[in-house]
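Participant: take a look and give me a structure for this.
(one chain, ligands or ions: 1)
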Amino acid sequence: MTATHRLPFRIDAVDPWSGARATTLTTLHGAVETPIFMPVATQAILRHVDTTVATELGYQVLLANTYHLLLRPGTEVLQAFGGIHPFMKWERSVLTDSGGFQIFSLPNHVSLSEERARFRSYVDGAWIDLSPERSIEVQRTIGSDIMMVLDHCVSSTSDLATTRKALELTTRWAKRSLDARADSPQAIFGIVQGGCFPELRKESAEQIVALGFDGYALGGLAVGETKAEREDTTELAAKLLPATQPRYLMGVGTPSDLLEAVRRGMDMFDCIIPTALASQGVCFTSRGKLDLRRGVYRLQETPIDPLCPCSTCSRFSRAYVSHLVKTKEPVAAQLVSVHNLTFYRRLMARMREAILSGTFRELYSKEAELLDSDDVDYPPVGPRKERE
Ligand SMILES: [Zn+2]
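Facilitator: Next comes the predicted model:
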(Lines give C-alpha, C1' and ligand atoms only; values in the text may rest on other atoms or scores of the structure.)
Protein backbone atom coordinates (compact mmCIF):
# COMPACT_ATOMS: atom_id res chain seq x y z
CA MET A 1 0.00 0.00 0.00
CA THR A 2 1.46 3.37 -0.96
CA ALA A 3 0.58 7.05 -0.85
CA THR A 4 -2.25 7.85 -3.25
CA HIS A 5 -2.30 10.42 -6.04
CA ARG A 6 -4.96 12.44 -4.19
CA LEU A 7 -2.82 12.75 -1.08
CA PRO A 8 0.93 12.67 -1.72
CA PHE A 9 2.64 11.57 1.51
CA ARG A 10 6.26 11.67 2.59
CA ILE A 11 7.89 10.30 5.73
CA ASP A 12 10.42 12.90 6.89
CA ALA A 13 11.79 10.95 9.87
CA VAL A 14 10.96 8.04 12.16
CA ASP A 15 12.19 8.09 15.74
CA PRO A 16 14.21 4.89 16.30
CA TRP A 17 13.32 4.64 20.00
CA SER A 18 9.55 4.88 19.70
CA GLY A 19 8.41 4.75 16.08
CA ALA A 20 7.08 8.35 16.34
CA ARG A 21 6.89 9.87 12.86
CA ALA A 22 7.36 13.25 11.22
CA THR A 23 5.60 13.25 7.83
CA THR A 24 4.29 15.65 5.20
CA LEU A 25 1.06 15.20 3.29
CA THR A 26 -0.10 17.48 0.51
CA THR A 27 -3.79 18.33 0.23
CA LEU A 28 -5.63 20.51 -2.30
CA HIS A 29 -4.73 23.46 -0.05
CA GLY A 30 -1.07 22.77 0.52
CA ALA A 31 1.43 20.94 2.70
CA VAL A 32 0.47 19.56 6.10
CA GLU A 33 3.29 18.67 8.47
CA THR A 34 2.76 16.00 11.10
CA PRO A 35 2.43 15.24 13.92
CA ILE A 36 -0.42 17.71 13.67
CA PHE A 37 -3.22 18.87 15.92
CA MET A 38 -6.34 20.04 14.06
CA PRO A 39 -8.49 22.50 16.02
CA VAL A 40 -12.19 21.78 15.89
CA ALA A 41 -14.34 24.23 13.92
CA THR A 42 -17.49 22.08 14.08
CA GLN A 43 -19.84 24.75 12.76
CA ALA A 44 -17.24 26.43 10.50
CA ILE A 45 -16.00 28.45 13.46
CA LEU A 46 -13.52 27.77 16.24
CA ARG A 47 -15.09 28.36 19.62
CA HIS A 48 -14.34 31.88 20.94
CA VAL A 49 -11.94 32.90 18.13
CA ASP A 50 -12.16 33.24 14.36
CA THR A 51 -10.00 31.63 11.69
CA THR A 52 -7.55 34.57 11.66
CA VAL A 53 -6.19 33.29 14.98
CA ALA A 54 -5.64 29.80 13.54
CA THR A 55 -3.82 31.32 10.55
CA GLU A 56 -1.62 33.49 12.77
CA LEU A 57 -0.73 30.56 15.02
CA GLY A 58 0.35 28.52 11.99
CA TYR A 59 -2.35 25.84 12.10
CA GLN A 60 -2.53 23.93 8.82
CA VAL A 61 -5.82 22.01 9.14
CA LEU A 62 -9.19 22.78 10.73
CA LEU A 63 -11.80 20.14 11.40
CA ALA A 64 -15.45 20.77 10.53
CA ASN A 65 -18.49 18.55 10.98
CA THR A 66 -20.74 17.34 8.19
CA TYR A 67 -23.78 16.69 10.39
CA HIS A 68 -23.76 20.13 12.01
CA LEU A 69 -23.07 21.99 8.74
CA LEU A 70 -25.84 20.05 7.00
CA LEU A 71 -28.32 21.35 9.60
CA ARG A 72 -26.87 24.85 9.73
CA PRO A 73 -26.07 26.81 7.59
CA GLY A 74 -27.19 24.04 5.14
CA THR A 75 -25.69 22.89 1.87
CA GLU A 76 -27.30 25.63 -0.22
CA VAL A 77 -25.31 28.29 1.67
CA LEU A 78 -22.03 26.38 1.33
CA GLN A 79 -22.78 25.83 -2.35
CA ALA A 80 -23.49 29.52 -2.91
CA PHE A 81 -20.14 30.45 -1.34
CA GLY A 82 -18.19 27.80 -3.25
CA GLY A 83 -17.44 25.70 -0.17
CA ILE A 84 -16.26 26.13 3.38
CA HIS A 85 -12.87 27.76 2.59
CA PRO A 86 -14.26 31.02 1.12
CA PHE A 87 -17.22 30.89 3.54
CA MET A 88 -15.06 30.99 6.70
CA LYS A 89 -12.07 32.76 5.11
CA TRP A 90 -9.63 29.92 5.62
CA GLU A 91 -7.02 29.25 2.96
CA ARG A 92 -5.47 26.11 4.42
CA SER A 93 -6.77 22.56 4.66
CA VAL A 94 -10.07 21.36 6.10
CA LEU A 95 -10.93 17.84 7.26
CA THR A 96 -14.61 16.99 7.66
CA ASP A 97 -15.93 14.43 10.05
CA SER A 98 -18.73 12.45 8.44
CA GLY A 99 -21.48 12.67 11.06
CA GLY A 100 -20.71 9.13 12.24
CA PHE A 101 -19.81 10.35 15.70
CA GLN A 102 -23.23 12.02 16.06
CA ILE A 103 -24.90 8.63 15.51
CA PHE A 104 -23.11 7.72 18.72
CA SER A 105 -23.29 10.98 20.64
CA LEU A 106 -26.98 11.78 19.94
CA PRO A 107 -28.48 8.34 20.64
CA ASN A 108 -31.93 9.64 21.52
CA HIS A 109 -32.25 11.31 18.20
CA VAL A 110 -31.37 8.52 15.85
CA SER A 111 -32.66 5.37 14.26
CA LEU A 112 -30.19 3.21 12.44
CA SER A 113 -30.65 0.79 9.55
CA GLU A 114 -28.39 -0.88 7.01
CA GLU A 115 -29.28 1.91 4.62
CA ARG A 116 -28.77 5.00 6.78
CA ALA A 117 -28.94 6.83 10.11
CA ARG A 118 -31.94 9.05 10.76
CA PHE A 119 -31.66 12.13 13.01
CA ARG A 120 -34.05 14.72 14.24
CA SER A 121 -32.64 18.18 13.49
CA TYR A 122 -31.91 20.26 16.59
CA VAL A 123 -32.50 23.36 14.46
CA ASP A 124 -36.09 22.78 13.31
CA GLY A 125 -37.06 19.26 14.44
CA ALA A 126 -37.17 17.87 10.88
CA TRP A 127 -36.02 14.28 10.26
CA ILE A 128 -32.68 14.10 8.45
CA ASP A 129 -31.43 10.97 6.70
CA LEU A 130 -27.70 10.44 6.68
CA SER A 131 -26.50 7.58 4.48
CA PRO A 132 -22.86 7.06 3.43
CA GLU A 133 -23.78 8.51 0.02
CA ARG A 134 -25.49 11.55 1.54
CA SER A 135 -22.59 12.19 3.93
CA ILE A 136 -20.09 12.17 1.06
CA GLU A 137 -22.38 14.33 -1.09
CA VAL A 138 -22.48 16.92 1.71
CA GLN A 139 -18.71 16.69 2.24
CA ARG A 140 -18.21 17.28 -1.48
CA THR A 141 -20.37 20.41 -1.23
CA ILE A 142 -18.45 21.55 1.86
CA GLY A 143 -15.32 21.09 -0.26
CA SER A 144 -13.08 19.69 2.49
CA ASP A 145 -9.59 18.51 1.58
CA ILE A 146 -10.00 15.29 3.53
CA MET A 147 -13.38 13.59 3.85
CA MET A 148 -14.19 10.84 6.34
CA VAL A 149 -16.31 7.77 5.62
CA LEU A 150 -19.59 7.48 7.50
CA ASP A 151 -18.90 5.01 10.31
CA HIS A 152 -20.79 3.46 13.17
CA CYS A 153 -19.10 4.35 16.43
CA VAL A 154 -20.19 2.59 19.65
CA SER A 155 -19.02 3.12 23.22
CA SER A 156 -15.59 1.61 23.81
CA THR A 157 -17.12 -0.26 26.76
CA SER A 158 -19.71 -2.05 24.55
CA ASP A 159 -19.66 -5.87 24.55
CA LEU A 160 -17.99 -7.92 21.86
CA ALA A 161 -21.14 -8.72 19.88
CA THR A 162 -22.27 -5.06 19.71
CA THR A 163 -18.77 -3.90 18.80
CA ARG A 164 -18.44 -6.52 16.08
CA LYS A 165 -21.80 -5.59 14.56
CA ALA A 166 -20.78 -1.92 14.49
CA LEU A 167 -17.45 -2.63 12.83
CA GLU A 168 -19.10 -4.79 10.17
CA LEU A 169 -21.58 -2.03 9.33
CA THR A 170 -18.63 0.42 9.32
CA THR A 171 -16.90 -1.68 6.66
CA ARG A 172 -20.01 -1.84 4.44
CA TRP A 173 -20.53 1.92 4.85
CA ALA A 174 -16.83 2.56 4.14
CA LYS A 175 -17.16 0.83 0.77
CA ARG A 176 -20.30 2.84 -0.06
CA SER A 177 -18.57 6.09 1.05
CA LEU A 178 -15.55 5.35 -1.14
CA ASP A 179 -17.77 4.63 -4.15
CA ALA A 180 -19.70 7.86 -3.52
CA ARG A 181 -16.47 9.89 -3.68
CA ALA A 182 -16.37 9.00 -7.41
CA ASP A 183 -14.17 11.44 -9.38
CA SER A 184 -13.88 14.10 -6.67
CA PRO A 185 -10.28 15.29 -6.17
CA GLN A 186 -10.88 15.30 -2.38
CA ALA A 187 -9.01 12.72 -0.30
CA ILE A 188 -10.97 10.25 1.84
CA PHE A 189 -9.96 8.36 4.99
CA GLY A 190 -11.30 5.01 6.18
CA ILE A 191 -12.11 4.52 9.87
CA VAL A 192 -11.06 1.48 11.89
CA GLN A 193 -13.47 0.52 14.69
CA GLY A 194 -13.41 -2.44 17.09
CA GLY A 195 -13.46 -0.88 20.56
CA CYS A 196 -10.77 -2.19 22.91
CA PHE A 197 -10.89 -5.77 21.54
CA PRO A 198 -7.52 -6.46 19.84
CA GLU A 199 -8.98 -9.16 17.57
CA LEU A 200 -11.76 -6.83 16.40
CA ARG A 201 -9.34 -3.95 15.73
CA LYS A 202 -7.28 -6.36 13.64
CA GLU A 203 -10.32 -7.54 11.73
CA SER A 204 -11.53 -3.98 11.12
CA ALA A 205 -8.10 -2.73 10.03
CA GLU A 206 -7.75 -5.60 7.53
CA GLN A 207 -11.17 -4.92 6.01
CA ILE A 208 -10.77 -1.13 5.83
CA VAL A 209 -7.19 -1.18 4.50
CA ALA A 210 -8.22 -3.69 1.81
CA LEU A 211 -10.66 -1.11 0.43
CA GLY A 212 -7.77 1.31 -0.28
CA PHE A 213 -8.12 4.79 1.22
CA ASP A 214 -5.87 7.89 1.17
CA GLY A 215 -5.33 7.58 4.94
CA TYR A 216 -6.67 5.73 7.95
CA ALA A 217 -8.29 6.83 11.19
CA LEU A 218 -8.85 5.12 14.52
CA GLY A 219 -12.39 5.77 15.68
CA GLY A 220 -14.20 4.77 18.83
CA LEU A 221 -11.56 5.93 21.29
CA ALA A 222 -11.87 8.63 23.98
CA VAL A 223 -15.46 7.43 24.44
CA GLY A 224 -15.38 5.71 27.82
CA GLU A 225 -12.22 3.58 27.97
CA THR A 226 -9.34 4.11 30.44
CA LYS A 227 -6.17 5.94 29.40
CA ALA A 228 -4.23 2.65 29.52
CA GLU A 229 -6.80 0.91 27.29
CA ARG A 230 -6.67 3.84 24.85
CA GLU A 231 -2.87 3.71 24.69
CA ASP A 232 -2.77 -0.09 24.23
CA THR A 233 -5.39 0.05 21.48
CA THR A 234 -3.58 2.92 19.77
CA GLU A 235 -0.29 1.05 19.89
CA LEU A 236 -1.81 -2.09 18.43
CA ALA A 237 -3.83 -0.30 15.76
CA ALA A 238 -0.96 1.92 14.58
CA LYS A 239 0.94 -1.26 13.74
CA LEU A 240 -2.02 -2.57 11.73
CA LEU A 241 -2.13 0.50 9.46
CA PRO A 242 0.06 1.02 6.36
CA ALA A 243 3.31 2.79 7.23
CA THR A 244 3.21 4.73 3.96
CA GLN A 245 -0.05 6.59 4.66
CA PRO A 246 -1.29 9.05 7.30
CA ARG A 247 -2.71 7.73 10.59
CA TYR A 248 -5.33 9.81 12.34
CA LEU A 249 -6.48 9.27 15.94
CA MET A 250 -9.96 10.79 16.15
CA GLY A 251 -11.13 12.90 19.09
CA VAL A 252 -7.91 12.73 21.13
CA GLY A 253 -6.97 14.47 23.33
CA THR A 254 -5.16 16.16 26.21
CA PRO A 255 -1.52 17.24 25.73
CA SER A 256 -0.48 14.07 27.56
CA ASP A 257 -2.68 11.92 25.26
CA LEU A 258 -1.06 13.56 22.22
CA LEU A 259 2.46 12.85 23.44
CA GLU A 260 1.55 9.21 24.15
CA ALA A 261 -0.17 8.75 20.78
CA VAL A 262 2.67 10.36 18.79
CA ARG A 263 5.03 8.03 20.63
CA ARG A 264 2.89 5.13 19.36
CA GLY A 265 3.13 6.23 15.71
CA MET A 266 -0.02 8.30 15.15
CA ASP A 267 0.21 11.44 12.94
CA MET A 268 -3.03 13.45 13.14
CA PHE A 269 -5.30 14.50 16.00
CA ASP A 270 -8.33 16.61 16.76
CA CYS A 271 -10.08 17.49 19.99
CA ILE A 272 -12.41 20.13 21.39
CA ILE A 273 -10.39 20.34 24.62
CA PRO A 274 -8.24 23.49 24.08
CA THR A 275 -11.24 25.71 23.33
CA ALA A 276 -13.86 23.80 25.36
CA LEU A 277 -11.77 24.01 28.54
CA ALA A 278 -11.07 27.67 27.78
CA SER A 279 -14.78 28.30 28.41
CA GLN A 280 -14.16 27.17 31.99
CA GLY A 281 -10.90 29.08 32.42
CA VAL A 282 -8.70 25.99 32.30
CA CYS A 283 -5.28 26.52 30.65
CA PHE A 284 -2.46 24.23 29.58
CA THR A 285 1.06 25.36 30.43
CA SER A 286 4.64 24.13 30.28
CA ARG A 287 4.17 23.09 33.93
CA GLY A 288 0.81 21.36 33.59
CA LYS A 289 -2.80 22.48 33.76
CA LEU A 290 -4.08 25.58 35.59
CA ASP A 291 -7.66 26.24 36.61
CA LEU A 292 -8.10 30.01 36.71
CA ARG A 293 -11.34 29.70 38.68
CA ARG A 294 -9.19 28.91 41.73
CA GLY A 295 -8.53 31.65 44.24
CA VAL A 296 -4.76 31.09 44.31
CA TYR A 297 -4.34 33.22 41.15
CA ARG A 298 -6.01 36.30 42.56
CA LEU A 299 -2.79 38.24 43.12
CA GLN A 300 -0.41 36.57 40.67
CA GLU A 301 1.25 39.05 38.34
CA THR A 302 2.92 36.38 36.22
CA PRO A 303 1.33 35.46 32.86
CA ILE A 304 -0.59 32.16 32.48
CA ASP A 305 2.65 30.59 31.24
CA PRO A 306 5.86 32.65 31.48
CA LEU A 307 7.30 30.57 28.61
CA CYS A 308 4.38 31.26 26.26
CA PRO A 309 4.73 33.89 23.50
CA CYS A 310 0.95 34.23 22.89
CA SER A 311 -0.85 37.57 22.81
CA THR A 312 -2.62 36.77 26.09
CA CYS A 313 0.56 35.89 28.01
CA SER A 314 2.49 38.81 26.55
CA ARG A 315 -0.09 41.29 27.86
CA PHE A 316 -2.06 39.99 30.85
CA SER A 317 -1.45 38.56 34.32
CA ARG A 318 -2.97 35.39 35.75
CA ALA A 319 -4.76 37.65 38.23
CA TYR A 320 -6.46 39.64 35.48
CA VAL A 321 -7.47 36.68 33.28
CA SER A 322 -8.65 34.84 36.41
CA HIS A 323 -10.77 37.88 37.30
CA LEU A 324 -12.34 37.86 33.81
CA VAL A 325 -13.01 34.11 34.08
CA LYS A 326 -14.74 34.57 37.45
CA THR A 327 -16.85 37.48 36.20
CA LYS A 328 -17.81 35.25 33.23
CA GLU A 329 -16.74 37.82 30.65
CA PRO A 330 -16.86 36.20 27.16
CA VAL A 331 -13.47 37.72 26.38
CA ALA A 332 -11.97 35.47 29.09
CA ALA A 333 -12.74 32.38 26.99
CA GLN A 334 -11.25 34.15 23.99
CA LEU A 335 -8.01 35.02 25.82
CA VAL A 336 -7.64 31.49 27.22
CA SER A 337 -8.48 29.92 23.82
CA VAL A 338 -5.69 31.92 22.16
CA HIS A 339 -3.33 30.71 24.88
CA ASN A 340 -4.43 27.04 24.73
CA LEU A 341 -4.32 26.96 20.92
CA THR A 342 -0.81 28.45 21.10
CA PHE A 343 0.19 25.78 23.61
CA TYR A 344 -1.12 22.92 21.44
CA ARG A 345 0.49 24.33 18.29
CA ARG A 346 3.87 24.71 19.99
CA LEU A 347 3.67 21.28 21.60
CA MET A 348 3.11 19.61 18.19
CA ALA A 349 5.88 21.71 16.60
CA ARG A 350 8.28 20.69 19.39
CA MET A 351 7.39 17.03 18.91
CA ARG A 352 7.99 17.28 15.16
CA GLU A 353 11.28 19.08 15.71
CA ALA A 354 12.39 16.43 18.22
CA ILE A 355 11.52 13.57 15.84
CA LEU A 356 13.45 15.30 13.02
CA SER A 357 16.48 15.90 15.21
CA GLY A 358 16.46 12.46 16.86
CA THR A 359 15.69 13.81 20.35
CA PHE A 360 12.10 12.61 20.82
CA ARG A 361 13.05 10.29 23.68
CA GLU A 362 14.52 13.23 25.64
CA LEU A 363 11.41 15.32 24.98
CA TYR A 364 9.19 12.44 26.08
CA SER A 365 11.12 11.84 29.31
CA LYS A 366 11.00 15.53 30.16
CA GLU A 367 7.34 16.16 29.31
CA ALA A 368 5.39 12.98 30.07
CA GLU A 369 4.87 13.72 33.76
CA LEU A 370 4.70 17.52 33.46
CA LEU A 371 1.95 17.46 30.84
CA ASP A 372 -0.15 15.23 33.06
CA SER A 373 0.15 17.38 36.19
CA ASP A 374 -2.29 20.02 37.37
CA ASP A 375 -2.59 22.70 40.02
CA VAL A 376 -5.10 21.01 42.33
CA ASP A 377 -2.59 19.84 44.93
CA TYR A 378 -0.20 22.76 45.01
CA PRO A 379 0.11 26.43 44.18
CA PRO A 380 1.76 26.85 40.76
CA VAL A 381 4.80 28.86 41.78
CA GLY A 382 7.64 26.72 40.43
CA PRO A 383 8.50 23.43 38.80
CA ARG A 384 7.09 20.50 40.74
CA LYS A 385 10.51 19.11 41.66
CA GLU A 386 11.63 22.32 43.36
CA ARG A 387 8.62 22.29 45.62
CA GLU A 388 8.79 18.66 46.71
ZN1 LIG B 1 -0.03 32.09 26.37
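Participant: domains for the chain, by residue range?
Facilitator: 9-105+132-271, 283-374 (automatic domain parsing).
Participant: now render those as JSON lines, adding distance to the ion, mean pLDDT and mean neighbour count.
Facilitator: Glycine gets a C-beta too; all of them are placed from N, C-alpha and C. Formatted as JSON lines, the entries for these read as follows, by distance: least, Cβ to the ion, whole Å; pLDDT from 0 to 100; neighbours: other Cβ atoms under 10 Å:
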{"stretch": "domain 9-105+132-271", "distance to the ion": "11", "mean pLDDT": "96", "mean neighbour count": "21"}
{"stretch": "domain 283-374", "distance to the ion": "3", "mean pLDDT": "96", "mean neighbour count": "18"}
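Participant: I'd like the ones you listed written out as JSON lines, with distance to residue 123 added.
Facilitator: What follows is those, written out as JSON lines (distance: least, Cβ to Cβ, whole Å):
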{"stretch": "domain 9-105+132-271", "distance to residue 123": "5"}
{"stretch": "domain 283-374", "distance to residue 123": "23"}
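Participant: can you map out the helices along the stretch 1-150 of the chain?
Facilitator: Secondary structure of the stretch 1-150 of the chain by DSSP state H, counting those that start in this stretch: the helices cover 51-57, 66-71, 75-81, 84-88, 100-105, 132-142.
Participant: as a markdown table, those helices with distance to residue 157 would be great.
Facilitator: Converted to a markdown table, the helices of the stretch 1-150 of the chain look like this (distance: least, Cβ to Cβ, whole Å):
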| stretch | distance to residue 157 |
| --- | --- |
| helix 51-57 | 34 |
| helix 66-71 | 23 |
| helix 75-81 | 35 |
| helix 84-88 | 34 |
| helix 100-105 | 12 |
| helix 132-142 | 26 |
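Participant: helix, strand or coil for the nearest residue to residue 274 once chain neighbours are set aside?
Facilitator: Beyond its immediate neighbours in the sequence, the residue positioned closest to residue 274 (Cβ to Cβ, 6 or more residues apart in numbering) is residue 340, lying 3.7 Å away. For residue 340, the secondary structure call by DSSP: H, G, I helix; E, B strand; the rest coil comes out as helix.
Participant: my guess is residue 340 contacts residue 284, does it?
Facilitator: Yes: counting by Cβ atoms under 8 Å, a contact exists between residue 340 and residue 284, whose distance comes to 5.6 Å.
Participant: residue contacts, the closest residue to residue 81 other than its chain neighbours?
Facilitator: Beyond its immediate neighbours in the sequence, the residue positioned closest to residue 81 (Cβ to Cβ, 6+ apart) is residue 87, lying 4.1 Å away. Shown in contact with residue 87 (Cβ atoms under 8 Å, 6 or more residues apart in numbering): 44, 77, 78, 81.
Participant: contacts only, for the second one.
Facilitator: Counting by Cβ under 8 Å, 6+ apart, residue 77 makes contact with residue 87.
Participant: before we move on, what about the first one?
Facilitator: When contacts are counted by Cβ under 8 Å, 6+ apart, residue 44 is found next to 64, 69, 73, 84, 87, 88.
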